[in-house]
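S.K.: Just the structure for this:
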Amino acid sequence: MKLPEFQETQGLPPEVDTLKHRALQLLVERERERMAFRRQTWWELSAVLAARREPPAPGFPARVTSLSERPQPPAAQTALPAVPRAQASVPLVDEASAVDLRHRLELASFQVVGRTVTPFELQPAPPLTTTTLLHEANTSLGWSPRQTLRAGTWLAENGFLTSVRTASTFLPAETAAAIRLVAKKLFGADHVARARRTFGTASDSSHDAPSAGAIRPIDVGQPASALRSRLFGAELLLYDLIWKHTLATQMTAAHGQRVTLTIEARLANEEAVRFTSDEQTIEHRGFLRAFDDRAAAAEAITPRLLDVTLGDVVDCRSLEASEHTSQPPARYTEASLSEDLAAATGSHAERCVNAIDDLVHEHHSCCLRGQELLPTWPAFATAHDTDHAIELAGGFLVRITAEGPRLEDADGRQMLLPPEETLAPDELTSTKCGELLARTERDKPLGQCPTTGLPVYVRAGRFGTYVQLGDADNSTQPTRTASLLAGMSRDTLTLATALQLLELPRILGPHPDHGLNITACNGRFGPYIASGPESRSLPPELSPLDVTLEQAIDLLKQAKLTEDDAHPSPKTLGESPVTQKPVVLRNGRFGPYVSDGVTNASIPKDADPESVSLQDALRLLEARAGSRRARPRSRRRSRLDL
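M.R.: Prediction:
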């Protein structure tokens, strides 16, 4: 069976189909990795330590990296998850082990037993190519490849950039010289590399055209701040990103030193627990000054380990046991997939972007959820020749049918899966599959309507339980719903009662005075009867399902209750010293309350309204009036404020 996304690609070059096929395979392989991934949980112990100084020294973080005797049985040690990190913390099996070690360390003494200082250097990245530009724009700006290429193409066509379609990192000699002059003017000679930095291969250096080589501004002497009257929005942001990267290529490397401390804690039983703390400080920012945010981050680091020496006794200010969970491989985004696709096929980055864009817009091959790319179930199945069936954990199976992906289990239960936009393949764990199939069991119809032959369902909605005639998933069948009456239960509801609810509003007959029909209804505020403009609420002893015409006529003859009739007469408690008006106790629509003619205050639910005195009412009214005075008044915003 051919992949579905290839059925509408007539007229496209063969390499486009090949790229789309390979992109879909990468998506499916990543989803397979996520499905095979099993989460592992472990605990780690960290501390905040500080050198014993006067005045007190700032604290620094440290983590347990060595135990002379681990506080868990040897059988459990073999099940410890790997923590892929240099000088990683010692993983503890469970919370009890971590908490036990923390309690024992509270009485331990801490001393620095090792100190190393290692210099490091950060080199600027090569000039931007199409692939690296797409990656940087996605990382720094959160853009999709399509957004980046659209803005970059506009900049190139309007004379601001050389090009955005290149795989070369070559910088012509005159361009490098201009970059060095700009960097020297902005940051000083000590931030410019001693010699011209060269990039690219020997074949790249043979290109002498002004636009040849890496992506760069036409005039490197113009930063984004000088072009604010000519560039706006996305184009200005992208130009600024490219200008900073271009400037950094001819600047000096950033360098500093990394200090690593080893602190040993001696427990009461002479066991040794070792902590590690490391810190790096930037001594020369170099090319980082071209990036304002990175330079600010480097300056924000306050050295805390430089003054700590070998043999120092340190104090433990806090100990924390924290839980960690391993995470599956991240799903592909358009940017990361285009980068991996270009690396896997050797194709130009723009061709990869176009192939991925075709896949996304075809919808039946893959879909976007946020920024994540998800392969659809049909493409997921055919990409691995699984004959339209995909095995899941726990004995569950997804079978691709003409109606859509169908979930099945070993007992024969099955259901159509929700749309792929809301449910990804790796999210179908055995627990989730069981929940979905159990929901299908609950959604079985109560029965069938003898008149229409349509199924009748009982379902839970936003405003309570209701019955439904017909299947909403089948657009050819009309659906009708009706809420349950007060006192009805889903568990005891019968098909006959459900059909009666679906018949509401029910016509009882004509009114003898004016001939208009009288109907029994179930409304927002409860059941009632209506005839023309007149309506009356049904008393609790009458139901709209069985009220008779005679009973309805008698109700309509009765006078309609007003708001005052519906609630007892107000009770006067006394006179308010503030408003000089009587304080009255009323029973309103939302419960009992007191009023002094200006302010209303509700009676607390746990208080008996009959026991409320004048003093109680005055305190409630004072609190209510005070809360209104403290509440800031919102100012209406005019068009001038926007």
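S.K.: Can you tell me which helices and strands the one helix or strand residue 174 maps to packs against?
M.R.: Secondary structure assignment for residue 174, by DSSP states H and E: helix 173-187. For helix 173-187, the helices and strands in contact under the criterion 3 or more C-beta pairs under 8 Å, 6 or more residues apart in numbering; DSSP states H and E are helix 233-248. C-beta coordinates here come from the backbone N, C-alpha and C atoms, glycine included.
S.K.: Output the contacting helices and strands for the helix or strand following the helix it packs on.
M.R.: Moving toward the C-terminus from helix 233-248, the next helix or strand (DSSP H and E) is strand 254-266. Using 3+ C-beta pairs under 8 Å, 6+ apart, the elements in contact with strand 254-266 are strand 60-67, strand 109-122, strand 272-284.
S.K.: Grab the CA positions of strand 254-266 and hand them over as CSV.
M.R.: Only the C-alpha atoms of strand 254-266 are listed here, as CSV (Å, rounded to 0.1, in the frame of the first residue of the first chain):
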residue,chain,number,x,y,z
ALA,A,254,35.0,34.3,25.8
HIS,A,255,37.0,32.7,28.5
GLY,A,256,36.8,32.1,32.2
GLN,A,257,37.4,29.4,34.8
ARG,A,258,35.3,26.6,36.3
VAL,A,259,35.7,25.9,40.0
THR,A,260,34.7,22.4,41.3
LEU,A,261,34.5,21.6,45.0
THR,A,262,34.2,18.2,46.6
ILE,A,263,32.7,18.4,50.1
GLU,A,264,32.7,15.4,52.4
ALA,A,265,30.1,14.9,55.1
ARG,A,266,30.9,12.5,58.0
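S.K.: Quick check: neighbours of that strand in the sheet, parallel or antiparallel?
M.R.: Take DSSP bridges as the rule and strand 254-266 pairs in its sheet with strand 109-122 (antiparallel), strand 272-284 (antiparallel).
S.K.: Export only the CA atoms of stretch 328-335, formatted as CSV.
M.R.: The C-alpha coordinates for stretch 328-335 follow below in CSV (Å, rounded to 0.1, in the frame of the first residue of the first chain):
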residue,chain,number,x,y,z
PRO,A,328,10.9,10.6,26.5
PRO,A,329,12.6,12.0,23.4
ALA,A,330,11.1,15.3,22.4
ARG,A,331,8.7,15.3,19.4
TYR,A,332,9.8,16.9,16.2
THR,A,333,8.9,20.5,15.4
GLU,A,334,9.1,21.8,11.9
ALA,A,335,12.5,23.4,12.6
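S.K.: Return the set of buried residues in it.
M.R.: Neighbour counts using 16 or more other C-beta atoms under 10 Å place 331, 332, 333, 334, 335 of stretch 328-335 among the buried residues.
S.K.: The third one is in contact with residue 372, isn't it?
M.R.: Yes. The pair residue 333 and residue 372 passes the contact test of C-beta atoms under 8 Å, sitting 6.5 Å apart.
S.K.: angle of the helix holding residue 174 against helix 233-248?
M.R.: Interaxial angle, helix 173-187 versus helix 233-248 (axes from the mean of the first three to the mean of the last three C-alpha atoms, to 10 degrees): 100 degrees.
S.K.: pLDDT on helix 173-187, on average?
M.R.: Looking at helix 173-187 alone, the average pLDDT works out to 93.
S.K.: Equivalent analysis for stretch 280-290, please.
M.R.: Stretch 280-290 shows a mean pLDDT of 90.
S.K.: for stretch 573-580, same thing?
M.R.: Averaging pLDDT along stretch 573-580 yields 87.
S.K.: so how far is that stretch off the chain centroid?
M.R.: Stretch 573-580 sits 54 Å away from the centroid of its parent chain (C-alpha atoms, centre = their mean, to the nearest Å).
S.K.: do stretch 51-69 as well
M.R.: The answer for stretch 51-69 is 35 Å, by C-alpha atoms, centre = their mean.
S.K.: now it: mean pLDDT?
M.R.: 84.
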